[in-house]
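Quick one: sequence plus predicted model below, questions after.
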Amino acid sequence: MQQDVLDALRPGLRLVIVGINPGLRSGATGHAYAHAGNQFWPLLYQSGLVSQPLTYRDDQRVLEFGIGLTNLCDRTTRSQSDLTRVEMAAGAANLRAKLLRYRPRVVCFNGMGIYEAFSGRRGVRPGLQEERLDGDILIFIMPSTSGRTAAYPRPAKLALFRELRALVDRVAGEVVAP
């Protein structure tokens, strides 16, 4: 039975991480990044963005760490290629409205294709982007944490998560020792 994967959002967040849409396992459990092959939860902890190991069952607990979770599209699919252009365009408009409503200090797109769908730009690179959302929301892009993203090995993804953590700490003014 498919369940909705709820956003973890509130005002005053340091960081919001954006996925493309819930996969089949996330839809079955009702929790974000639920597939066993997804490296999201271990990377979140190993980077120091959260101070304790979490799993998909803890997805709403990210709010305790000043982190939010949402997706470009809400519909559960086997693959992002199952999403239509119309869905992605509508999702981009909805996502922009959410981000402007909650105004996190940093928004991280967990997948370069997600940011391309959101911004309409092609050929983006991982890391902090020059452009800002609404003038002051920083934009960070990383390769997807999905196990299907083989072009970036796990150490490269961890390095980007650590770079993201340093950025979030810097803009939040709370540098925490690793």
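Perfect, I can see it now. Just so you know, these numbers come straight off a predicted model, no measurement behind them. Numbers count the residues shown, from 1 in each chain.

By mean pLDDT, flag the weakest helix or strand of this structure.
Least confident element among the helices and strands of the chain, by mean pLDDT, DSSP states H and E: helix 24-29 (a mean of 80).

what comes up buried for that helix?
Neighbour-count burial for helix 24-29 flags 25-27, 29 (criterion: 16 or more other C-beta atoms under 10 Å). (Glycine included, C-beta is placed from N, CA and C.)

As JSON lines, the residues you listed with distance to residue 133 would be great.
Output for these, formatted as JSON lines (distance: C-beta to C-beta, whole Å):
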{"residue": "25", "distance to residue 133": "30"}
{"residue": "26", "distance to residue 133": "25"}
{"residue": "27", "distance to residue 133": "28"}
{"residue": "29", "distance to residue 133": "30"}
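
tell me how far the ends of stretch 113-130 are from each other?
17 Å (C-alpha to C-alpha, to the nearest Å).

circling back to that earlier point, which elements pack onto the helix or strand following the least confident helix or strand of the chain?
Proceeding C-terminally, helix 24-29 gives way to helix 40-46 as the next helix or strand, assigned by DSSP states H and E. Counting contacts by 3 or more C-beta pairs under 8 Å, 6 or more residues apart in numbering; DSSP states H and E, helix 40-46 packs against helix 154-172.
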